[in-house]
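**Student:** Predicted model and sequence follow; I will ask about them next.
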Amino acid sequence: SVAFPSMAIATAVSLLVTCSLLSAAVRSDSINFYNIRPPQGATPYPRSFKCFTCEQASDNYSCNRWAEDKWCPQNTKYCMTIHHFGHHGKTKFVSKRCATLEDCNTSGCRHHGNTHHTECVSCCEGMACNVELPTNHTNAVFVWSQAYGSAALGGGRWNYMLLIVSGLTALLVLCQ
């Protein structure tokens with residue numbers, strides 16, 4: 001009879017610890033959106049890809065976390081991110097989708113005086129490359145590997161090199 005209460009307490013503690021560990025394992029800040037790998041199975045067409053996709057999500061995390069997992073249409077080649085934010089930088093909404101070359105010609109930032117918000121648009125080429133939000137003219141860009149000879153420079157790695165260089169350039173400008 002004495003063993004029963006101590007066993008119940010041990011079981012309850014064990015359940016609490018397990019729940020705590022499971023909760024920590026699925027916490028939102030532990031998701032690595034940069035570690036998206038191409039699927040191992042068959043793809044719908046050669047050089048097919050996926051982008052983070054959402055329509056007017058409340059923030060970047062929500063968009064990436066709940067993005068639809070579907071292949072981009074064959075007539076698209078890029079991933080687009082549209083970020084609307086207020087004059088203090090607070091996100092109003094985020095939209096992400098697959099895009100054509102023509103869609104990506106709108107890359108950059110525009111201030112909308114009538115609604116007092118800014119819209120920044122960026123495009124990139126590669127599997128789920130639209131992780132980050134564009135927030136200014138430095139990162140609201142159109143990055144594509146074909147314009148820089150991707151065959152000679154390693155394709156997707158060149159995109160990351162361009163992003164690193166543009167980020168370092170922005171830091172240098174801010175530090176001066």
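**Tutor:** Looks like it came in fine.
**Student:** got the contact list for the residue nearest to residue 123 when sequence neighbours are not counted?
**Tutor:** Once flanking residues are discounted, residue 123 sits nearest to residue 104: 3.6 Å by C-beta to C-beta, 6 or more residues apart in numbering. For every residue, glycine as well, the C-beta is placed using N, CA and C. By C-beta atoms under 8 Å, 6 or more residues apart in numbering, the contact set of residue 104 is 78, 80, 123, 142, 144.
**Student:** which residues of this protein fall in strands?
**Tutor:** Here the chain has its strands, by DSSP state E, at 54-57, 78-86, 91-99, 108-112, 117-124, 142-143.
**Student:** Now render those as JSON lines, adding mean pLDDT and distance to residue 67.
**Tutor:** Output for these, formatted as JSON lines (pLDDT from 0 to 100; distance: least, C-beta to C-beta, whole Å):
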{"stretch": "strand 54-57", "mean pLDDT": "97", "distance to residue 67": "6"}
{"stretch": "strand 78-86", "mean pLDDT": "97", "distance to residue 67": "10"}
{"stretch": "strand 91-99", "mean pLDDT": "97", "distance to residue 67": "7"}
{"stretch": "strand 108-112", "mean pLDDT": "94", "distance to residue 67": "23"}
{"stretch": "strand 117-124", "mean pLDDT": "96", "distance to residue 67": "15"}
{"stretch": "strand 142-143", "mean pLDDT": "93", "distance to residue 67": "19"}
